[in-house]
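Just a sequence and a predicted model for now, questions to come.
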Amino acid sequence: MLKRTIGNTDWHPSAIILGNMRMGDQTVSQAIDVLNICNDTGINMIDSADIYAGGQSETILGKALKQGGFNRDTFFIQSKAGIQLGSKSMATFGKRYNFRKDYILQQVDAILDRLQIEYLDSFLLHRPDPLMEVTEVAEAFDYLYQSGKVRYFGVSNFSDYQIRWLQTNLNQPLYINQLQFGLMHTAMIDYGLNYNGHSQESLQQSGNMLEFALLNNITIQAWSPFQHGMIEGVFIDNPNYPIVNEMLTEIADKYHVDKNAIATAWILKHPAKMQVISGSMNPNRIQMIAKGATVHLTDQEWYDLYIATGNDLP
Ligand SMILES: NC(=O)c1ccc[n+]([C@@H]2O[C@H](COP(=O)([O-])OP(=O)(O)OC[C@H]3O[C@@H](n4cnc5c(N)ncnc54)[C@H](OP(=O)(O)O)[C@@H]3O)[C@@H](O)[C@H]2O)c1
């Protein structure tokens, strides 16, 4: 399995990460099957968050790690916190972001309890909180680092300036930014290709992140790589996206892999050396996705796929 270096550390996890957002409705035995296939294919990092299935995804993962007989060092384990859900549902009042020191510390303790582990390899702030008081975050991170509960820190869905502001006030480096990215979510690429033009892409602010990450030793983790919209459904084999599916089939046939593997290879080819967080709970699919790490697309194939999703080049 292809490895990635996180930031400028000596930490080298797999380029593909297992996302556990959808583990909450699995049985422990199914989750063990997922972990076994990851282990077999060399996927040695897991991404989680306190809110996935209201904590149930982490409870199942914790049981699967234990009952499956996995050592603590079989997988690098990452989790996130900072999104506080309302008591009713995602869409009602009561939902907010919460970066208060006490809240962060309480959430990390709850994560460790559910996962039945002593420390996280990495901990990310899940989404930017406009009310963030950086000194409180700094105190929380100091405590988490010094107590040995967290090894490395990062963020998710942050802009370049949000990272800079937070980093200026922290004692620990931020090594990770987890962002939505994939063939159907290319805003970070579109911006760079349309800089100073007249198109909609030129006006978007989602650019700069790729270059910012490269300049500042930040590893981008691409979430929901096979989804269109914001987790609206899978674009692979979806009749609403015929052109990109035709192109994926053609290239997949050439490399003797499936379309998911090619969509994975497309992300991995970018010089920012991203990680791909795959959320499949299907062992066969995970095995096929892992093959994406062995495919080296040509530059032309990479551009052809970019254009096949409906993008144009200036
Ligand atoms: N930081 C953030 O804000 C954020 C937000 C969302 C997600 N994430 C992270 O990203 C991870 C991945 O997210 P995700 O699960 O949305 O990503 P995904 O890997 O793009 O989607 C996985 C889902 O797509 C299905 N799928 C994939 N390929 C398919 C195909 N060819 N045909 C039919 N179904 C297919 C899977 O079904 P099967 O299980 O049947 O294979 C699964 O339900 C999450 O687990 C989480 O760790 C982070």
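Noted; the coordinates are in hand. The structure displayed is predicted, hence computed values, not measured ones.

list the contacts for the nearest residue in space to residue 9 that is not next to it in sequence?
Closest residue to residue 9 apart from its sequence neighbours, by CB to CB, 6 or more residues apart in numbering: residue 175 at 6.4 Å. (Each C-beta comes from the backbone N, C-alpha and C, glycine too.) By CB atoms under 8 Å, 6 or more residues apart in numbering, residue 175 lies in contact with 6, 7, 9, 122, 152, 153, 154, 217, 218, 219.

Out of those, give me the two with the largest separation.
122 and 217 (14.2 Å; CB to CB).

of these two, who's got more company?
residue 122 (24 against 14; other CB atoms under 10 Å).

so that one bridges to which residues?
Judged by DSSP bridges, the bridge partners of residue 122 are residue 78, residue 152.

and residue 25, how many neighbours does it have?
There are 11 residues near residue 25, going by other CB under 10 Å.

For it, which three-state class applies?
Here residue 25 takes the coil state, with states given by DSSP: H, G, I helix; E, B strand; the rest coil.

That one contacts residue 53, correct?
Yes - in this structure, residue 25 is within contact of residue 53 by CB atoms under 8 Å, at 7.0 Å.

circling back to that earlier point, could you confirm the residue nearest to residue 9 falls within a helix?
No - under three-state DSSP, residue 175 sits outside any helix and is assigned strand.

Look up the pLDDT of it for me, please.
With respect to pLDDT, residue 175 scores 98.

what's the distance between it and residue 8?
Going from residue 175 to residue 8 by CB to CB, to the nearest Å gives 8 Å.

Then residue 52?
With CB to CB as the criterion, residue 52 and residue 8 are 29 Å apart.

near the ligand, which residues of the stretch 151-300 of the chain?
Counting by CB under 6 Å from any ligand atom, the stretch 151-300 of the chain comes close to the ligand at 156-157, 178, 223-227, 231, 234, 236-237, 260, 277-282, 285.

let's go with 5 Å and repeat that
Residues of the stretch 151-300 of the chain lying close to the ligand by CB under 5 Å from any ligand atom are 156, 178, 223-227, 231, 234, 236, 277-282, 285.

What lies in contact with the host helix or strand of residue 253?
Using DSSP states H and E, residue 253 sits within helix 242-255. By CB under 8 Å, 6+ apart, the residues outside helix 242-255 that reach it are 183-184, 235-238, 258-259, 261-263, 265, 295, 297, 301, 304-305, 308-310.

thinking again about what came up before, in strands, which of the contacts of residue 175 fall?
122, 152, 153, 154, 219 (DSSP state E).

who's in contact with residue 38?
Per CB under 8 Å, 6+ apart, neighbours of residue 38: 18, 44, 46, 75, 286.

next one: phi and psi at the residue in the stretch 151-300 of the chain positioned nearest to the ligand?
Here the stretch 151-300 of the chain gets closest to the ligand at one residue, residue 279, 1.8 Å apart by CB to the nearest ligand atom. With angles defined as degrees, to the nearest 10, residue 279 sits at phi -110, psi 10.
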